[in-house]
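Q: Just to be clear, the model below is a prediction. Sequence and coordinates:
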Amino acid sequence: MKILIVDDFSTMRRIVKNLLRDLGFTNTQEADDGTTALPMLQNGDFDFLVTDWNMPGMTGLDLLKHVRADDRLKSLPVLMVTAEAKRDQIVAAAQAGVNGYVVKPFTAAVLKEKIDKIFERVEG
Amino acid sequence: MGDISLKAANSKVGSEIRVLAENMLLQLEQGDISKAVALVNNLNEVRDRTLYNEIGRLTRALHEAIKNLNVDSVGAGSDIENTTDKLAYVLEMTDKSANRTMDLVDAGMPLASDIHDRAKTLSEQWQRFLNKELTPAEFRALSKEVNEFLGESADKSRQIQGHFSEIVLAQDFQDLTGQVIHKVTALIKDVEDRLVSLVLMAGQVDEITGIKHDLNDIAETSDEGANIRAEGPQINKSSDDVVNSQDDVDDLLSSLGF
């Protein structure tokens, strides 16, 4: 399982990375915004994308839209982990095709639950 | 502030206009058209003079207000520049503290799991000893291991203790950044107050020159950004359009068929 973590704050990337490691996902890579993440996704056979929303360059929502518009990436599971907490933002992310949505600050248990749910659905 | 002087000026102008108008009416009644026309010119003069005076006064006040805003000095030294530095400092401090804390946790985690793993193996051996399953040679080996383990755990738990107190120390950013944020908040409040007085002044300019703004235009331009964009953490969670918790997010998503 190869996972790409996208967040402009290195501490948040590290937190997500540590939590994923505790959940048994050790093969992770990092990008600091959508602009750097997109070419990595296009060239890197990733199985899962965890992305923040609010980032300079390309936001997580735009990254999600690019992923869904790309023939080779469109079925990639995407989990959004973000401080954006407005109802219409969550609806917009859902409409753009997000697979899960976690609001910051979050706990390890919530992250695990959402990831489990995504893979249950993807595999089942 | 400028309000009182404006009213005083207005009443002075008002009485000047009244005198001129009454005089003009008198001339008209007496049939002296040329004098009446001359008085119309005088009226124009009074209006222009007031306008120029007020504009002059407002320009000076505006200049003063902008100077007080302290944004004109681009580069080092202005309050805004200092504020950017202060916020960069907050970012740096929180980043450093978060990484220091995680470094210490990363360093402490293997120590704790070593103690745990070793204790588990020894406890299995110890159980065998209690069940009288150990040969004398095995018992000698076990007692040597127990001895080593005790020394090791004392050593490792001391190290973990050290990490814990360093983690506590790494939280000092809260105090330091808190102070900086207080200062920035005060500055923003100050700038807001000065901006409000600028708006008041602009209102007076409108009043004197008779400019009317089409408020619909302003509403329309602020509505343009209606499409979704990132806003950062919501500080006011009591607002109706903001979710309060992960449970709210899950409810909303399941209502959308997730």
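A: Now that the structure is in, tell me what you want to look at.
Q: Near chain A, which residues of the stretch 51-200 of chain B? Just list them.
A: B:94-95, B:98-99, B:102, B:106 (C-beta under 8 Å from any C-beta of the partner chain). (Each C-beta comes from the backbone N, C-alpha and C, glycine too.)
Q: can you rerun that using 10 Å?
A: By C-beta under 10 Å from any C-beta of the partner chain, the residues of the stretch 51-200 of chain B that approach chain A are B:91, B:94-99, B:101-103, B:105-106, B:109.
Q: hmm, which of those residues are the buried ones?
A: B:94, B:97-98, B:101-102 (16 or more other C-beta atoms under 10 Å in any protein chain shown).
Q: So which of the residues you listed are in strands?
A: If you go by DSSP state E, those have nothing in strands.
Q: okay if I get these as TSV plus distance to B:Asn131 and pLDDT?
A: Output for those, formatted as TSV (distance: C-beta to C-beta, whole Å; pLDDT from 0 to 100):
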residue	distance to B:Asn131	pLDDT
B:Thr94	55	91
B:Ser97	51	91
B:Ala98	49	91
B:Thr101	44	93
B:Met102	44	92
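Q: which among those gets closest to chain A?
A: Using C-beta to the nearest C-beta, B:Ala98 comes nearest to chain A of those, at 3.9 Å.
Q: check which helix or strand covers the residue positioned nearest the centre of chain B.
A: Residue closest to the average C-alpha location in chain B (C-alpha atoms, centre = their mean): B:Thr185, at 6.9 Å. Take DSSP states H and E as the rule and B:Thr185 turns out to sit in helix B:173-209.
Q: quick one on the thing from earlier: now render the residues of the stretch 51-200 of chain B next to chain A as CSV, adding distance to B:Leu25.
A: Shown next, in CSV, are those (distance: C-beta to C-beta, whole Å):
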residue, distance to B:Leu25
B:Leu91, 72
B:Thr94, 75
B:Asp95, 78
B:Lys96, 80
B:Ser97, 80
B:Ala98, 80
B:Asn99, 84
B:Thr101, 85
B:Met102, 87
B:Asp103, 90
B:Val105, 90
B:Asp106, 93
B:Met109, 96
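Q: quick one: least confident helix or strand in chain B?
A: helix B:215-223 (a mean of 55; mean pLDDT, DSSP states H and E).
Q: Now residue 42: which helix or strand?
A: Picking chain A for this. Residue-wise, A:Gln42 maps onto helix A:34-43 under DSSP H and E.
Q: actually it's chain B I care about, not the one you picked
A: helix B:33-69.
Q: now swap in A:Arg121 and tell me
A: Counting by DSSP H and E, A:Arg121 is found in helix A:108-123.
Q: List the contacts of the spatially most central residue of chain A.
A: By C-alpha atoms, centre = their mean, chain A has its centre lying nearest to A:Val50, at 1.9 Å. For A:Val50, the contacting residues are A:3-7, A:13, A:16-17, A:19-20, A:25, A:28, A:30, A:60, A:77-81, A:100, A:102, A:111, A:114-115, by C-beta atoms under 10 Å, 6 or more residues apart in numbering or on different chains.
Q: could you redo the last one with a cut-off of 6 Å?
A: A:5, A:16, A:79, A:81 (C-beta atoms under 6 Å, 6 or more residues apart in numbering or on different chains).
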